[in-house]
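A.B. asks: Quick one: sequence plus predicted model below, questions after.
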Amino acid sequence: MSLMTPIEAPLSLTDRALDTLRREILATQLAPGETLSEAATAQRLGLGKAPVRAALARLAEEGLVQAVPRRGWVVALVTIRDIHEVFDLRLLLEPEAARRAAGRVDAEKLRELDAVCAAGHRPGDADSALAFLEANRAFHVAVAELAGNTRLARQIGRLLDESTRMLVLGLQRRDRSGEMAHEHLALIEALALGEREQAARIMHEQVEASRAMVLSALTAPSMGIAI
């Protein structure tokens, strides 16, 4: 009898619940401020309450949900402070990663990732926005990995995870996917030519523009933003 490889191993029930709920929160199918009942969520996902409870506890550790007495679980709001803290750190780390990656780039790989980003988003569609941003995350992590510092790449990956929901909310109100695709092409050129300061400048401008888009898009009270 052949042994099952790790790739073929089935997800645990908790991991299934975790993956589904995380994606629904990041895609804003579960909106900021929405209340989640363990019983109703378990029934909807076709799972038991125990794996759903464990998944919600792990999402609470990630800051995506909060336990509220007598209400169960609530999808965390996106605050102005959250946005500034995440994007401030991205502005500190990502331009430096681009500067260090210049001249070390596998341009063909980045072009492949950029093509996915350019094709992935349909304005107003949260699912396609999430697919676009997952490709965008892969692009930015690939740049960070080329900088040659694994800890730097890991930290940037975590910040990109935190900013995903913010950007999904923003892209529902204003489509920046075309602008971001253009910025990627300019960044690839600078990286391939070894233009360190140009690469850092383009990365800084892209991250700052994304923050401005998020802040301007999330002004409506119904979007779940808090001061």
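C.D. replies: Nice, thanks for sending it over.
A.B. asks: quick one: contacts for the nearest residue to residue 16 once chain neighbours are set aside?
C.D. replies: Among residues not flanking residue 16 along the chain, residue 47 sits closest, at 6.8 Å (Cβ to Cβ, 6 or more residues apart in numbering). In short, each C-beta sits where N, CA and C put it, glycine included. By Cβ atoms under 8 Å, 6 or more residues apart in numbering, residue 47 lies in contact with 13, 16-17.
A.B. asks: Packing partners of the helix or strand harbouring residue 20?
C.D. replies: For residue 20, the host element (DSSP states H and E) is helix 13-26. For helix 13-26, the packing partners by 3 or more Cβ pairs under 8 Å, 6 or more residues apart in numbering; DSSP states H and E come out as helix 38-45, helix 49-61, helix 150-173.
A.B. asks: and the next element down the chain from it?
C.D. replies: strand 35-36.
A.B. asks: what mean pLDDT would you report for that next one?
C.D. replies: Rounded to a whole number, the mean pLDDT of strand 35-36 is 94.
A.B. asks: Could you measure from the most centrally placed residue in the chain over to residue 193?
C.D. replies: Closest residue to the average C-alpha location of the chain: residue 164 at 2.7 Å, with Cα atoms, centre = their mean. Noted for residue 164: a distance of 30 Å to residue 193, by Cβ to Cβ, to the nearest Å.
A.B. asks: circling back to that earlier point, out of the contacts of residue 47, who's nearest residue 27?
C.D. replies: Nearest to residue 27 among the contacts of residue 47: residue 17, at 15.8 Å, using Cβ to Cβ.
A.B. asks: so what's the closest one up against?
C.D. replies: 41, 45, 47, 51-52, 54-55.
A.B. asks: Could you rerun that using 7 Å?
C.D. replies: When contacts are counted by Cβ atoms under 7 Å, 6 or more residues apart in numbering, residue 17 touches 45, 47, 51-52, 55.
A.B. asks: With distance to residue 148 and pLDDT as added columns, please give those residues in TSV.
C.D. replies: Below are the contacts of residue 17 laid out as TSV (distance: Cβ to Cβ, whole Å; pLDDT from 0 to 100):
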residue	distance to residue 148	pLDDT
45	41	94
47	42	93
51	40	94
52	41	96
55	36	96
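A.B. asks: if we can go back for a sec, most tightly packed of the helices and strands packed on helix 13-26?
C.D. replies: helix 150-173 (a mean of 19; mean count of other Cβ atoms under 10 Å).
A.B. asks: who are the neighbours of it, in terms of helices and strands?
C.D. replies: helix 13-26, strand 78-79, helix 80-101, helix 126-146, helix 196-217 (3 or more Cβ pairs under 7 Å, 6 or more residues apart in numbering; DSSP states H and E).
A.B. asks: winner for burial among the ones you listed?
C.D. replies: helix 126-146 (a mean of 21).
A.B. asks: CA atoms of that helix as PDB?
C.D. replies: C-alpha atoms of helix 126-146 as PDB (Å, rounded to 0.1, in the frame of the first residue of the first chain):
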ATOM      1  CA  ALA A 126     -14.700  41.000  -4.200                       C
ATOM      2  CA  ASP A 127     -13.700  37.500  -5.200                       C
ATOM      3  CA  SER A 128     -11.700  38.700  -8.200                       C
ATOM      4  CA  ALA A 129     -10.200  41.600  -6.100                       C
ATOM      5  CA  LEU A 130      -8.900  39.000  -3.700                       C
ATOM      6  CA  ALA A 131      -7.500  36.900  -6.500                       C
ATOM      7  CA  PHE A 132      -5.800  40.000  -7.900                       C
ATOM      8  CA  LEU A 133      -4.400  40.900  -4.500                       C
ATOM      9  CA  GLU A 134      -3.100  37.300  -3.900                       C
ATOM     10  CA  ALA A 135      -1.200  37.600  -7.100                       C
ATOM     11  CA  ASN A 136      -0.100  41.100  -6.100                       C
ATOM     12  CA  ARG A 137       1.100  39.700  -2.800                       C
ATOM     13  CA  ALA A 138       3.100  37.000  -4.600                       C
ATOM     14  CA  PHE A 139       4.700  39.700  -6.700                       C
ATOM     15  CA  HIS A 140       5.800  41.800  -3.800                       C
ATOM     16  CA  VAL A 141       7.100  38.800  -1.800                       C
ATOM     17  CA  ALA A 142       9.100  37.700  -4.900                       C
ATOM     18  CA  VAL A 143      10.700  41.100  -5.000                       C
ATOM     19  CA  ALA A 144      11.500  40.900  -1.200                       C
ATOM     20  CA  GLU A 145      13.000  37.400  -1.600                       C
ATOM     21  CA  LEU A 146      15.300  38.700  -4.300                       C
END
